[in-house]
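Student: Return a 3D structure for these sequence lines:
(chains A and B)
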Amino acid sequence: MIEIRIHGRGGQGSVVASKILADAAFRDGMYVQSFPQYGVERRGAPVTAFNRMGSPDEIFVRSQIYEPDHVVVLDPTLLLTVDVLKGLKKGGWVIINSPRDPEDFYKDFNFPRDYKVATVDASDIAVKWGLGSKTQPIVNTAILGALSKVTGIVTLESLKEAIKENAPVKKEENVNAAVEAYESVKMIQEVS
Amino acid sequence: MSFKKVTTGNHAVSYAVWSSRVQIISAYPITPQTQIVELLSEIVAEGKLQAKFITVESEHSAMAACIGASATGARAFTATSAQGLALMHEMLHWAAGARLPIVMANVNRAMAPPWSVWTDQNDSLSQLTTGWMQIYNESNQEVYDSVIIGYKVAEQVHLPLMTVLDAFILSHTSEPVEIHTQEEVDEYLPPYDPGEYYTIKTEDPRGYGLLTMPSDYYEFRYKVQRAHERAIEVFKKEFKNFEEVFGRKHWFFEEFMMDDADYVIVTSGSLSSDVKYAVAKLRKEKGLKVGVLKMRVVRPYPFEEVRKVLGDRKKIAVIDRNIGFGYHGVFYEELKSALYPLEKRPPVFGYIIGIGGRDVTPADIEDIIDDMLKRDEMTEIIWKGVRL
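Tutor: From the prediction side, this is the model:
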């Protein structure tokens, strides 16, 4: 069972990202579950969504995920207010939408070296492909491209199909954003 | 060919309603149900389902519209939640008393005040005596199937049926659901034929629901009860038919690791997944002979079937995500009552958990099982995890 927690802000598409990820994993043969942190979502407010992916024989519990294998951060400013590393298992990936270098997060945010960091400038990619606006880019599909590359949990092919199925508009642009992020994600591999 | 789709509990309801060829949908939006009727309104607007979507100003009116439609022989559907269901209350009695096979999805949401949009079962359980049949669901597949089985049973016994899914934990959670083709659903669920006595025809005017003297009213109530008793047999037949067409088993309850279980945890709804996980873990790690009975159909109550599987156990714990104020958890009180006629019956312990959507983890369930094992004497309800 792989468990993932997605942190974003209302309007960035965190919940849809979680659904697309589930759909992609399902296409890759896994049993899946995707759910938002049940709240009254508001634009700009912190939003959390969860994914479970595993074998159809496993029992999929329905509690929230307290010890994720990996976390995804759609907005780096969340690092200032939300403990995105809470409960993250050792060796887990932290995939952040940021133009900065992964190494910066160990230095500037004191990330323990137990975690692997990957960064991708998903905002820039989203704006380039006309997803959302400059001030409010919709970065969900781009960040999933990065997740596919970094974790290998879902194939890029399945992710593309899942995006086409679930993106309400601009399907091709969303696919292109995911592919560009897949190719441009920066990652650090060292784990102590 | 059927296909599998990753979808939410809410949309699983919409797809099932679509395939059931519902003719009238009337609803008023309320979180967390709204997505059900939102998708249905799109399906109807696009002409994919030949139905009329009646928008109304309240849930009371939504049920009234369904009652009117059903009385003319149309297959009718609505969905609601919590305060919306409570506002419908008067019309729920009417639908059952008028013997109309309306199917409704209720997304279990905690009642206000204080306001909550999160899950517990007090909304639907408050309606147990209205005459509606009720099915509880653990997964989005069960949600989908329950709508189709719901119409099939409701229309044979002339009673309305409420299928119940947990707020957010099912309603907004995406997971794989097998969606069937129209042909497959048609094979199982033919068009609704209300029969002579249940159809309003302008060319043959009759009075319905008129003032009825004490000399006759009593028998009307008796017949509603008889219809519930008959529904037990109809459910059995239709569970079997459903399996033949769709390949999935359904029953009044699901038994999990029950074969040699000395101890049984009785629960319902989405909570059951966490209970199963904890039970499987305790079996594996400690060899504890424990099993799960997940209640699904609670109206009509399957007395005999429940007695048969639970009578011969050492201890039973009932986990309720509801509270019957001044009494016990509702599933707890009903189970004790069902087992009472048995000469030899196990002690039953009642736990309350997860009210208002408080998250429940398998560790919480393990605590409950530990607590049950230590107890010998039955007691009143036990609150798990309440902050004092």
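Student: Whichever helix or strand B:G84 is part of near chain A at all?
Tutor: B:G84 belongs to helix B:82-87 when assigned by DSSP states H and E. No. If you take CB under 8 Å from any CB of the partner chain as the test, helix B:82-87 misses chain A, and the best it gets is 14.0 Å. For glycine as for every other residue, the C-beta is placed from the backbone atoms N, C-alpha and C.
Student: Any buried residues in the next helix or strand after that helix, and which?
Tutor: As assigned by DSSP H and E, the chain's next helix or strand after helix B:82-87 is helix B:89-97. For helix B:89-97, a neighbour-count test (16 or more other CB atoms under 10 Å in any protein chain shown) marks B:91-92, B:94-97 as buried.
Student: is it possible to export the residues you listed to JSON lines including pLDDT?
Tutor: Formatted as JSON lines, the buried residues of helix B:89-97 follow (pLDDT from 0 to 100):
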{"residue": "B:M91", "pLDDT": "98"}
{"residue": "B:L92", "pLDDT": "98"}
{"residue": "B:W94", "pLDDT": "97"}
{"residue": "B:A95", "pLDDT": "98"}
{"residue": "B:A96", "pLDDT": "98"}
{"residue": "B:G97", "pLDDT": "97"}
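Student: and which of those is nearest chain A?
Tutor: Each of the buried residues of helix B:89-97 was scored against chain A by CB to the nearest CB, and B:L92 proved nearest at 26.6 Å.
Student: Around chain A, which positions in chain B sit nearby?
Tutor: Residues of chain B lying near chain A by CB under 8 Å from any CB: B:4, B:6, B:31-32, B:117-118, B:167-169, B:172-176, B:270-271, B:273-274, B:276-277, B:280, B:357, B:359-362.
Student: Show the buried residues in those residues.
Tutor: In those, burial by neighbour count holds for B:6, B:31-32, B:117-118, B:167-169, B:172-176, B:270-271, B:273-274, B:276-277, B:280, B:357, B:359-362, counting by 16+ other CB under 10 Å.
Student: Which strand or helix spans the residue in the stretch 51-200 of chain B positioned nearest to chain A?
Tutor: Scanning the stretch 51-200 of chain B for the residue nearest chain A gives B:F168, at 3.6 Å (criterion: CB to the nearest CB). Assigned by DSSP H and E, B:F168 falls within no helix or strand.
Student: Now for it: which residues touch it?
Tutor: Shown in contact with B:F168 (CB atoms under 8 Å, 6 or more residues apart in numbering or on different chains): A:35-36, A:38, B:32, B:117-119, B:357.
Student: Test my guess that B:T361 contacts A:E67.
Tutor: No. Using CB atoms under 8 Å, B:T361 is not in contact with A:E67, being 10.9 Å away.
Student: sorry, back to before: can you tell me which of the buried ones among the residues of chain B next to chain A are in helices?
Tutor: B:271, B:273-274, B:276-277, B:280, B:362 (DSSP state H).
Student: what's the farthest-apart pair in the residues you listed?
Tutor: Greatest spatial distance among these (CB to CB): B:L271 and B:A280, at 15.0 Å.
Student: coming back round to it: give me the helices and strands touching the helix holding B:G84, please.
Tutor: Applying 3 or more CB pairs under 8 Å, 6 or more residues apart in numbering or on different chains; DSSP states H and E, we find helix B:82-87 packed against helix B:59-71, helix B:122-125.
Student: can you list these in JSON lines and add mean neighbour count and mean pLDDT?
Tutor: Supplementary listing: those in JSON lines, determined by neighbours: other CB atoms under 10 Å in any protein chain shown; pLDDT from 0 to 100:
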{"stretch": "helix B:59-71", "mean neighbour count": "23", "mean pLDDT": "97"}
{"stretch": "helix B:122-125", "mean neighbour count": "24", "mean pLDDT": "98"}
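Student: between the ones you listed, which one is nearest to B:A12?
Tutor: Minimum separation from B:A12 across the helices and strands packed on helix B:82-87 (CB to CB) falls at helix B:122-125, 17.6 Å.
Student: For chain A, give me the ranges with low pLDDT.
Tutor: Along chain A, segments meeting pLDDT under 70 span A:38, A:40-41, A:189-192.
Student: Near chain B, which residues of it? Just list them.
Tutor: Applying CB under 8 Å from any CB, we find that chain A lies next to chain B at A:18-19, A:22-23, A:26, A:31-36, A:38, A:40, A:59-64, A:66.
Student: In strands only, show me those residues.
Tutor: A:31-36 (DSSP state E).
Student: Of the residues you listed - the most surrounded one?
Tutor: Sorting these by how many neighbours each has (other CB atoms under 10 Å in any protein chain shown) puts A:S34 first, at 28 neighbours.
Student: Who's the closest spatial neighbour of B:W118, skipping the chain neighbours?
Tutor: Closest residue to B:W118 apart from its sequence neighbours, by CB to CB, 6 or more residues apart in numbering or on different chains: B:G357 at 2.3 Å.
Student: Much appreciated, bye for now.
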